[in-house]
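Asker: Coordinates only, no sequence provided:
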Ligand SMILES: Cc1ncc(C[n+]2csc(CCOP(=O)(O)OP(=O)(O)O)c2C)c(N)n1
Ligand SMILES: Cc1ncc(C[n+]2csc(CCOP(=O)(O)OP(=O)(O)O)c2C)c(N)n1
Ligand SMILES: [Mg+2]
Ligand SMILES: [Mg+2]
């Protein structure tokens, strides 16, 4: 299904919002205004945005340690995300989770996850729920190339295919897991080649081309909604920044020329899509700039929202432990 | 490499020994002369014997809950095996292990295992040791079709191939895991199809044809010894008896006609190989019968050995806990 | 009251809860033909041998509106799934600020005494108790088994339900009709004066047998069954110990960092109970070894009536401390 | 004596042991360029993110003549590998009748206080202690860290070596040259008269700080560091408690079925020590929650000097029981 102009512009806005959110998070963490670990998604925005553009608001996702982009793409409120990074009560988890544990069950975000591949079984469970609900719901499960080393990857692909669960396995192959190149941890590097072992389609796509991702995801989503089962979507992308930071970024040992190439305007998923829009007359450079400005204002507002929110009261330490 | 007549006869003897050992174990367990759980290997003998015929005495194996056959094929002493089933001090584990935990590290049997797929990482570790020792050693890792559901299957195949470990992954596909048909637990049933995802050869073989198994295993062993890495050997076989017994056999829900067909003289791995030997004049029917008789005498002796061995002294309960 | 087995009581509970609420679904590596016929294979899911996956599937489905009852088989097999239990199930609600409930029940069999050796004879309750975020149940009698399993399925939190293998075929009275047992409430299985035995699962029955025997010597034993391990009914245990002044805890897990250790700590850190204690507490637990296969060794490894009796005598004979209440 | 960090001490230990014995190999998901350069990538194995596999690989290689040192990263990630730890490593020697040795060392970081939330702030020592068959080490000082890691690598059994994250950059004196610390021997870090504090890892340092402060009030605190959790040096702990008559245990794991519970049980089940106890024992542990992210909440969840001090005061103020030795 072709996208409307408004939809295309919204895709661009989401790309920019994710980009600026994570650049800001790095800045805030460097300034020690927020806490804990930050894993920037910068450079991979087209995967989250492309996949979520193929989903309905009622569809569900599971996310990873590098999860800000997935949440924003699925529609999370950046105010509450920011408040969570600041450890405040108005954060999504009331400050209990932080960067690696943002969730919004109300809009189908079943949570970021600090455990590599740990969200995959949970995504399968959400897809099982959708299958039982029988209302055409679909789940998208994001995971990294490094996650393919874990047993949970294998187990969930088998079960999902066996049970024909309405599920998209979205592998974000950014060619590294922490500092380690994918070829140093995998016997063969084409992740889509796992699919035949599970009798499911495996599709490789340029993960920096948001429309290509969206098209591939749409096809997989339709298949899932039809009841034909899961698809392994292998998105080839690249992390433009370091793996993670606490007080300072972890050293980035990747070859500098490779990193530089992936940062080029024609490969960067944000500028690349901007050029696509402007060259096709869908938006002008001025409109694009206006969107960037609006995003920055939204993010300033998010920081203000976060800082205005109080820290949780230590007396509430035991709240939320058990449901009634 | 072609086998000598003596080697062929020894293969037959091993097939018979495994068959008779497990029939006897079932009898002894039914009579409550031995304890615990028994998982008979009856019908699958050609896999263990064929694979171990391709190994050197110094090569290593890991086994499963259905492990008697692997141990005998690798050269274990049936006296000490029997004493273990009887829970006596002269058993391989001094009575501490029982049927599911027979090991003989002295001849490279790194242990049966009550955990489905649990031996696979251990086999990888033995293969890593062999690679470091650099003396051409190889490890064979036995596991069932059901074990392919576990994450450890996936993780070990990837690492073994990545590191080019000298390893044979021997999948004993007897078409059922406990009472459950392989197509009810796997998205697709050809287990060798997993191999390409790990960049390793996957070979399917008639697991009831001991020479076919031996030939396929030999090729994989040579590859491993050359340093070219592991092979996934998919052996198609069938369990002629029930899955397991304690006081009584678990009910066997498999279609009776299928079971009957696999019990036919032309499919049963023991009679089939006997007919192969006699039809080719390698052994006469009389010689085959003599071997069967000798095996039965050996097993009677094993029972006598076991019964003559004392139970462990409860005062030794804490012995063997920690090494010096 | 009718008498049924522990296993039947559990089956009744499951069927009743599945009839009561169609969001209740089950998952297991073993087929359950009777359940499948009754409720269909959509709700009664038979799974591959992939415990990590289906443990997380249960959690994900619970967070999406269903009430899965997941059977691991033996507790042994749960260790393959430990990431989903430790890192996900026990933390998911709190970590996400309580925004969703996860009504999932994990069942498994436990315990030794069946000659199936180390891997298949485990009682690692305490490893799950240590995790803040799981409710943990361990019934000893068919009626408790039924009533607690029903409460577990209705509870809106992850619950781990341990089923002692040696109890499966034991029988006991179970009320007809609706019968639930509240989570978090211990039960005095036998009232007594001189010593409190806290028993777990199979060892509640063994403690009762010991109490019967000691009665003939004029020794009055109180037998208390926590039934729930998390939240532990510390008040009930402490009240009993304050009454008797003596405590023996019996459990078939090895002692180190066990449920028995925890019960001892709960008793001795409470000032009032501590002051009422007239003798050192006793843990009667398994020897610190993987459970051995050979019957005489296995017997030596696990607690038995003789060892329980000896422990009772020890706490009674420790007469060097006067009764602070001069009773 | 030279002062180095805890992390440096560990690195020295590993390098020295790799130099000493070429059968020592390492595995980890993180590259270690310095080690790799020194010993080559055959011995210094960098692994995929497959903890279950490489935990078992370590065990299998150990059973085949090597001495692997396997680093899980955070203890969190060990739960993915729990089958290999619980069902294999802890049972393999005994179950097979002692026919082979398994000299494998598993290392991992532990603990909270770093604002990395529930999954990455765990201290589940007791879950490993409960398993009969593993030795468990938990040093608090650089010298102990070095000496114990060397002993672990030389030990012929599976050893789990916990490294508290908050200690990594702390410094302390470490002897030059060969330096080992025996497994199973506790250490009195500070002698005292009035109360025994048993601290674990980071909380040994905190206990020492509290002891310093209380000294100004004339309160004499003995600080004992078990260093080894299995086998636990019960004799040393009991001796200290018999001397002081009072016990506070400080640990950043939640209390339920913790190492602290075990220490309390070891003390109160020993008749002589029990009789010497003049006040109820105190466990100062983490709140029973997954460690929260937000700094004020995280602080409230973990033990601190104020809570340790308060516990010491409580056991001292409990004057209602006379000193049995009428000291
Ligand atoms: C089970 C587990 N093992 C190890 C880690 C530590 N860790 C955090 S992120 C990461 C790399 C993940 O790589 P990948 O899946 O490719 O995701 P990316 O960071 O590239 O987005 C590792 C090893 C973890 N979080 N969980
Ligand atoms: C991790 C784990 N899950 C479940 C079991 C229970 N179990 C024992 S044997 C078995 C079936 C195994 O099937 P397969 O691998 O095909 O081997 P087979 O019995 O057919 O030889 C199961 C489920 C187990 N032992 N370990
Ligand atoms: Mg990656
Ligand atoms: Mg099978």
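Answerer: Thanks, I have the structure now. A quick note: this is a predicted structure, and the numbers were derived from the prediction, not measured. Ligands and ions are numbered 1, 2, ... in the order given.

Asker: Quick check: closest non-adjacent residue to the residue in chain C that ligand 2 sits nearest to.
Answerer: Using C-beta to the nearest ligand atom, residue C:77 is the residue of chain C that sits closest to ligand 2, at 3.9 Å. All C-beta spots, glycine's among them, are computed from the backbone N, C-alpha and C. Once flanking residues are discounted, residue C:77 sits nearest to residue C:51: 5.1 Å by C-beta to C-beta, 6 or more residues apart in numbering or on different chains.

Asker: Verify the contact between that neighbour and residue C:81 for me.
Answerer: Yes - the criterion here is C-beta atoms under 8 Å, and residue C:51 meets it with residue C:81 at 4.1 Å.

Asker: Run through chain A and note the low-pLDDT ranges.
Answerer: Residue ranges of chain A with pLDDT under 70: A:1.

Asker: Which residue would you name as the spatial centre of it?
Answerer: By C-alpha atoms, centre = their mean, the mean C-alpha position of chain A lies nearest to residue A:70, the distance being 2.7 Å.

Asker: Run through the residues that contact that one.
Answerer: By C-beta atoms under 8 Å, 6 or more residues apart in numbering or on different chains, residue A:70 lies in contact with A:48, A:52, A:61, A:63-64, A:109, A:112, A:142.

Asker: In contact with residue C:18, which residues?
Answerer: The neighbourhood of residue C:18, defined by C-beta under 8 Å, 6+ apart, consists of C:24, C:26, C:35, C:38-39, C:43.

Asker: Please see if the strand or helix carrying residue A:203 touches chain B.
Answerer: Per DSSP states H and E: residue A:203 is located in strand A:202-206. No - for strand A:202-206, no contact with chain B is found by C-beta under 8 Å from any C-beta of the partner chain; the gap never falls below 9.5 Å.

Asker: The closest residue to ligand 4 within the stretch 201-327 of chain C: what's its closest spatial neighbour, skipping adjacent residues?
Answerer: Residue nearest to ligand 4 within the stretch 201-327 of chain C: residue C:293 (23.6 Å; C-beta to the ion). In this structure, residue C:293 finds its nearest non-sequential neighbour in residue B:98, 3.3 Å apart by C-beta to C-beta, 6+ apart.

Asker: quick check, stretch C:35-49 touching ligand 4?
Answerer: No - Stretch C:35-49 lies apart from ligand 4 when judged by C-beta under 5 Å from the ion; the minimum separation is 9.8 Å.

Asker: And residue 222, which helix or strand is it part of?
Answerer: In the absence of a named chain, chain A is used. Using DSSP H and E, residue A:222 sits within helix A:210-225.

Asker: Chain C is the one I meant
Answerer: strand C:221-225.

Asker: Against which helices or strands is that strand packed?
Answerer: Applying 3 or more C-beta pairs under 8 Å, 6 or more residues apart in numbering or on different chains; DSSP states H and E, one finds that strand C:221-225 contacts strand C:187-190, strand C:195-199, helix C:202-215, helix C:234-244.

Asker: Now it: buried residues?
Answerer: For strand C:221-225, a neighbour-count test (16 or more other C-beta atoms under 10 Å in any protein chain shown) marks C:221-225 as buried.

Asker: Tell me which strands that strand pairs with, and in which orientation.
Answerer: Sheet pairing here is set by DSSP bridges, and for strand C:221-225 it gives strand C:187-190 (antiparallel), strand C:195-199 (parallel).

Asker: check whether the helix or strand following that strand contacts chain A.
Answerer: Counting by DSSP H and E, the element after strand C:221-225 in chain order, helix or strand, is strand C:228-230. No - against chain A, strand C:228-230 shows no contacts by C-beta under 8 Å from any C-beta, the least distance being 10.0 Å.

Asker: so what strands line up beside strand C:228-230?
Answerer: strand C:135-137 (antiparallel).

Asker: what's the model's confidence in the partner strand, averaged?
Answerer: Averaging pLDDT along strand C:135-137 yields 98.

Asker: hmm, who's touching that strand?
Answerer: Residues outside strand C:135-137 that contact it (C-beta under 8 Å, 6+ apart) are A:322, C:125, C:128-129, C:148-149, C:152, C:155, C:157-162, C:183, C:227-231.

Asker: ok, back up a step: could you identify which of the strands paired with strand C:221-225 is most buried?
Answerer: Scoring those by mean neighbour count under mean count of other C-beta atoms under 10 Å in any protein chain shown gives strand C:195-199 as the most buried, with a mean of 29.

Asker: just to revisit the earlier point, I'd like the strands paired with strand C:221-225 as CSV, with distance to ligand 2 appended.
Answerer: Formatted as CSV, these follow (distance: least, C-beta to the nearest ligand atom, whole Å):
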stretch, distance to ligand 2
strand C:187-190, 33
strand C:195-199, 29
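
Asker: Could you point out which of the ones you listed sits nearest ligand 4?
Answerer: When these are compared by C-beta to the ion, strand C:195-199 sits nearest ligand 4, at 39.6 Å.

Asker: And the average pLDDT for the closest one is what?
Answerer: In the prediction, strand C:195-199 has an average pLDDT of 98.

Asker: Now do the same contact list for the residue of chain A found nearest ligand 3.
Answerer: Nearest to ligand 3, among the residues of chain A, is residue A:144, at 3.8 Å (C-beta to the ion). When contacts are counted by C-beta under 8 Å, 6+ apart, residue A:144 touches A:64, A:66, A:116, A:171-174, A:177.

Asker: looking at chain A, which residue ends up farthest from its center?
Answerer: Ranking residues of chain A by C-alpha distance from their mean position (C-alpha atoms, centre = their mean) puts residue A:315 at the top, at 33.9 Å.

Asker: end to end, how far does stretch A:77-93 reach?
Answerer: 13 Å (C-alpha to C-alpha, to the nearest Å).

Asker: Spell out which parts of the stretch 151-300 of chain C neighbour chain A.
Answerer: Neighbours of chain A within the stretch 151-300 of chain C, by C-beta under 8 Å from any C-beta: C:156-157.

Asker: Could you list the contact residues of the stretch 151-300 of chain C toward chain D?
Answerer: So far as C-beta under 8 Å from any C-beta goes, the stretch 151-300 of chain C lies against chain D at C:230, C:232, C:253-262, C:264-265, C:268-271, C:274-275, C:277, C:279-283, C:287-290, C:292.

Asker: State the number of residues packed around residue 111.
Answerer: Since no chain was named, I'll use chain A. If you count neighbours by other C-beta atoms under 10 Å in any protein chain shown, residue A:111 ends up with 30.

Asker: that's the wrong chain, I meant chain C
Answerer: Counted with other C-beta under 10 Å, residue C:111 comes out at 27.
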